[in-house]
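Participant: sharing a model prediction with you, sequence too.
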Amino acid sequence: MKYSIKSLYDYKSLLWSGTIAVLSTLTIIFPGLSFNIPEDNPKAVIDEIWQIVNNEFVDLEFNRINWQEERQELLSQKYKNSKQAYKFINESLKKLGDPYTRFLSPQEFSMLTSQTSGELSGIGIRLAIDRRTSELYVVEAMKSSPAIKAGLKRGDRLIRINGQPTALMTLEQAQEAIFGKLGTEVSLQLSRRDKGIFQVTLERTQIQIASVSYHLQEEKHHSIGYIKLDEFSSHATEQMKQAIHELGKQKVSGFILDLRGNPGGLLFASVNIARLWLEEGKIVSTVDRKGGDQHFSANGTSLTSLPLVILVNKWSASASEILTGALKENNRATVIGTTTYGKGTVQSVHSLSDGSGLAVTIARYYPASGADINYKGISPDIYLDLTMEQQIRLKNDPTLLGTKADPQYIKALSILREHIIPVSKIVISSYILSA
């Protein structure tokens with residue numbers, strides 16, 4: 001069965017942030033002109049956005065546009081509804097010339113905050129769609145979730161959601177139908193080969209999203225720990241600690257850290273995860289619009305000094321590039337794959353009064369070397385691309401990632417064999433893990 005897989009939790013935004021803030025200013029004053037805006041007027045959101053950009057945007061020249069005049073123009077318009085206002089907002093933000101400063105509809109903002117918080121209200125299943133038949137299938141029921149408690153299994157075919165047939169649903173429509181408010185119920189009709197058609201009703205609960213997956217690979221005379229990091233959520237650091245700890249107990253000789261397709265996430269998650277691998281050295285520095293800079297370094301809390309290989313590709317972005325750059329430039333890891341995405345900026349994500357959001361670029365970041373990677377990316381130590389056929393195969397069946405069917409993984413194994421020394425000479429630090 002061929003799956004085109006997309007997680008229920010996989011919102012692949014290339015934005016990442018270190019903060020989520022709230023700003024609500026409904027009285028607008030500028031030279032010679034003032035407005036008092038009712039709270040339910042679309043112009044209230046427009047003013048919030050204008051002020052956030054005015055106060056935080058990294059480019060003090062606003063891409064050489066008159067940002068004050070832009071404010072007057074936006075507030076002089078008559079908007080029939082929020083949708084029309086959103087259109088004008090997007091057009092205005094595009095003039096700033098920064099693809100990462102952008103407006104987020106209420107739905108997009110909800111998805112992004114779920115991604116970065118590492119939590120959502122749901123039932124804990126991942127879905128996939130059969131490319132040949134367009135049928136929806138369960139590919140994973142998460143640990144301790146309502147789905148796993150109800151006995152849902154990989155391969156269960158999803159027939160109806162709340163009585164609505166899934167035959168004509170896209171994966172995104174099925175996701176939207178399953179999402180809902182905490183404590184509410186969703187009814188699913190499913191089919192299983194050895195059971196036939198059956199019905200379950202599940203209560204939506206708070207689900208912690210698994211950002212990290214890992215397994216042990218027995219390789220001739222060595223055991224290799226493979227860790228896949230999907231995004232830098234607020235729970236990613238503790239999940240990474242758990243992965244290193246569990247694999248360490250199995251006496252691995254080295255690690256492969258897979259960041260392919262990882263779009264980024266939280267700034268501090270990238271710094272804290274780098275500290276799990278790096279005992280000393282610079283990690284990253286950020287520079288805001290006034291030239292103020294902030295430096296982050298290792299703090300002597302690394303969990304292991306075992307050999308490490310990192311896998312990256314052109315979709316490894318943002319926080320992935322911070323982690324890759326820190327470990328590469330400090331000679332802590334060998335990087336294999338293709339040049340990374342090239343996103344060298346930091347965004348702050350703000351919630352707005354109508355439930356929508358704004359991501360605004362507030363700083364630029366630089367790896368330990370001080371190099372500007374924006375639009376350039378990080379070059380791997382060993383360049384190894386996949387053929388189109390290999391890419392399609394791995395995309396259609398992600399279970400092949402980190403196996404002998406994965407050419408970049410095979411190359412990582414060969415590099416580790418060259419660096420492995422007797423495991424008895426290397427110690428993985430003991431660490432008290434949070435529950």
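Facilitator: Right, received. Where do you want to start? Numbers count the residues shown, from 1 in each chain.

Participant: ok, residue 50 touching residue 74?
Facilitator: Yes. Applying CB atoms under 8 Å as the test, residue 50 and residue 74 come out as touching, 6.7 Å apart. Glycine gets a C-beta too; all of them are placed from N, C-alpha and C.

Participant: these two: who's more crowded?
Facilitator: residue 50 (23 against 19; other CB atoms under 10 Å).

Participant: show me the contacts for the more buried one.
Facilitator: 67, 70-71, 74 (CB atoms under 8 Å, 6 or more residues apart in numbering).

Participant: take those residues and write them to CSV, including distance to residue 230, pLDDT and secondary structure.
Facilitator: Shown next, in CSV, are these (distance: CB to CB, whole Å; pLDDT from 0 to 100; DSSP: H, G, I helix; E, B strand; the rest coil):
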residue, distance to residue 230, pLDDT, secondary structure
67, 37, 96, helix
70, 37, 95, helix
71, 39, 94, helix
74, 37, 93, helix
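
Participant: just those residues now: which is nearest residue 324?
Facilitator: Closest to residue 324 out of the contacts of residue 50 is residue 67 (34.9 Å), distances taken as CB to CB.

Participant: nearest spatial neighbour of the closest one, chain-adjacent residues omitted?
Facilitator: residue 54 (6.1 Å; CB to CB, 6 or more residues apart in numbering).

Participant: and residue 149, its phi and psi?
Facilitator: phi -70, psi -30 (degrees, to the nearest 10).

Participant: OK, contacts around it?
Facilitator: Residue 149 touches nothing, counting by CB under 8 Å, 6+ apart.

Participant: go on, residue 134?
Facilitator: residue 167 are the contacts of residue 134 under CB under 8 Å, 6+ apart.

Participant: ok so it is a strand residue?
Facilitator: No. Checked against DSSP: H, G, I helix; E, B strand; the rest coil, residue 134 lies outside a strand; its state is coil.

Participant: and the pLDDT at it?
Facilitator: Per-residue confidence (pLDDT) for residue 134: 85.

Participant: care to break this protein down by domain?
Facilitator: With domains defined by automatic domain parsing, the chain comprises 17-101, 119-208, 212-425.

Participant: sec struct for residue 315, please.
Facilitator: Under three-state DSSP, residue 315 comes out as coil.

Participant: let's see the helix or strand harbouring residue 188 as CSV, backbone CA atoms only.
Facilitator: Using DSSP states H and E, residue 188 sits within strand 185-192. The C-alpha trace of strand 185-192 is given here as CSV (Å, rounded to 0.1, in the frame of the first residue of the first chain):
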residue,chain,number,x,y,z
GLU,A,185,-16.5,14.1,20.9
VAL,A,186,-15.9,12.8,17.4
SER,A,187,-17.4,9.7,16.0
LEU,A,188,-15.4,7.5,13.5
GLN,A,189,-16.5,4.6,11.4
LEU,A,190,-13.6,2.4,10.4
SER,A,191,-12.8,-0.8,8.6
ARG,A,192,-10.2,-3.4,9.5
